[in-house]
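Student: the following block contains a protein sequence and its predicted model.
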Amino acid sequence: MKAIILERLHADHRRYAALLCILDRQLHIATCDEIPDYRLLAGLCHYLTHQPEEWHHPVEDALFARLAGCDAQSAELLAVLTEEHRRISRNGKELETTFHRQASDAPQAELDLNRLNLALAFSELYRHHLYSEERHVYPLIERCIPAAELDSLVPHLSLASPAEGSTGFQRLYRQIADHHTGLRLGHGEQADFCPLCDARPDYASL
C-alpha cells in the first residue's frame, strides 16, 4: 500500500504539471508576438512557487534527509534537487513580480525577450525537476522506507486539507476554467483540452 504522504506528493506533481502546461501555452502566445494574459501568468507563478514552499518542499526535505541516511548513493541527486527547490522559488517569485508589474503598467505590451527566456527556463527546470523526483527519487523512497514510517516522518504537516481545496488554488482554477483560458495557444488557435479543468473547445464558435 502506497504511503498517504507519497499519494499527496504525486497529486501535487500532477497539479503542477497541468499548471505548467497552461504556463507554456501563455508563453507560446508571447513567442507569437501576441499579448499573453499577464494576470494569469502572475497567478500561475505565485501558486507554482508559494504552494510548494508551504507544504510540498518541506515534506520532500524531510523525506530526502531520511533517504540519504539509508541510500548514500542518492546524496548527490538529492543535493541537486534541494538546490533546484531554491532556484524554482527564487525565479518564480521574480517572474511573479514581473508579471504583476506588466499587468498593471503595460498590459497591452509584448513581453520583454529576457523575461520570456527566464520564464521558459523556469518552466523547463520545473518540468525536469518533477521528472527526476517521479522517475528516480520517489521509487527509491518507496523501496527504502516503509509506508507507515513515511507517514510518521512529518506529523506536524497536516494531510487533512488537500492543496486543491485551498482558496488560492480555487481562485486560480476559476480564473482558468470560467473563460477556457487554458485552451489558448495564440494566432486564434485553441488546444484540444485544458489539462487543469478538462475544458474542450466549442468548435461551432470558431
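Tutor: Structure's in. What do you need? This one's a predicted model, so the numbers in the text were calculated from it and none came from an experiment. Residues are numbered from 1 along each chain as shown.

Student: and the helix or strand of the chain with the lowest mean pLDDT, what's buried?
Tutor: One helix or strand of the chain scores below all others by mean pLDDT, DSSP states H and E: helix 147-153, with a mean of 83. Within helix 147-153, the residues scored as buried using 16 or more other CB atoms under 10 Å are 150-151. C-betas here are computed from N, CA, C, even on glycine.

Student: can you check stretch 56-74 too?
Tutor: The neighbour-count check on stretch 56-74 (16+ other CB under 10 Å) flags 56-57, 59-60, 62-64, 66-68, 71, 74 as buried.

Student: pLDDT of it, averaged?
Tutor: For stretch 56-74, mean pLDDT rounds to 90.

Student: can you give the contact residues for it?
Tutor: 5, 8-9, 12, 75, 78, 81-82, 85, 89, 133, 137, 140-141, 144-145, 149-150, 153-154, 157, 163 (CB atoms under 8 Å, 6 or more residues apart in numbering).

Student: 7 Å - rerun?
Tutor: 5, 9, 12, 75, 78, 82, 85, 140-141, 144-145, 153-154, 157 (CB atoms under 7 Å, 6 or more residues apart in numbering).

Student: so among these, where is pLDDT lowest?
Tutor: Within those, lowest confidence goes to residue 157 (59).

Student: all strands for this protein, in order.
Tutor: Assigned by DSSP state E, the chain shows strands spanning 184-186, 189-190.

Student: how far off centre is the first one?
Tutor: Translated: strand 184-186. Distance of strand 184-186 from its chain centroid, counting by CA atoms, centre = their mean, to the nearest Å, is 20 Å.

Student: then stretch 89-103?
Tutor: Using CA atoms, centre = their mean, the distance between the centre of stretch 89-103 and that of its chain works out at 15 Å.

Student: what's the answer for stretch 56-71, then?
Tutor: 20 Å.

Student: now swap in stretch 4-17 and tell me
Tutor: Worked out by CA atoms, centre = their mean, stretch 4-17 lies 11 Å from the chain centre.

Student: flag every buried residue along that stretch.
Tutor: 5-6, 8-9, 12-13, 15-17.

Student: so which of those residues are in helices?
Tutor: In this view, these that belong to helices under DSSP state H are 5-6, 8-9, 12-13, 15-17.

Student: and of those residues, the nearest to residue 170?
Tutor: residue 15 (12.2 Å; CB to CB).

Student: distance of that closest one from residue 41?
Tutor: Using CB to CB, to the nearest Å, residue 15 is found at 17 Å from residue 41.
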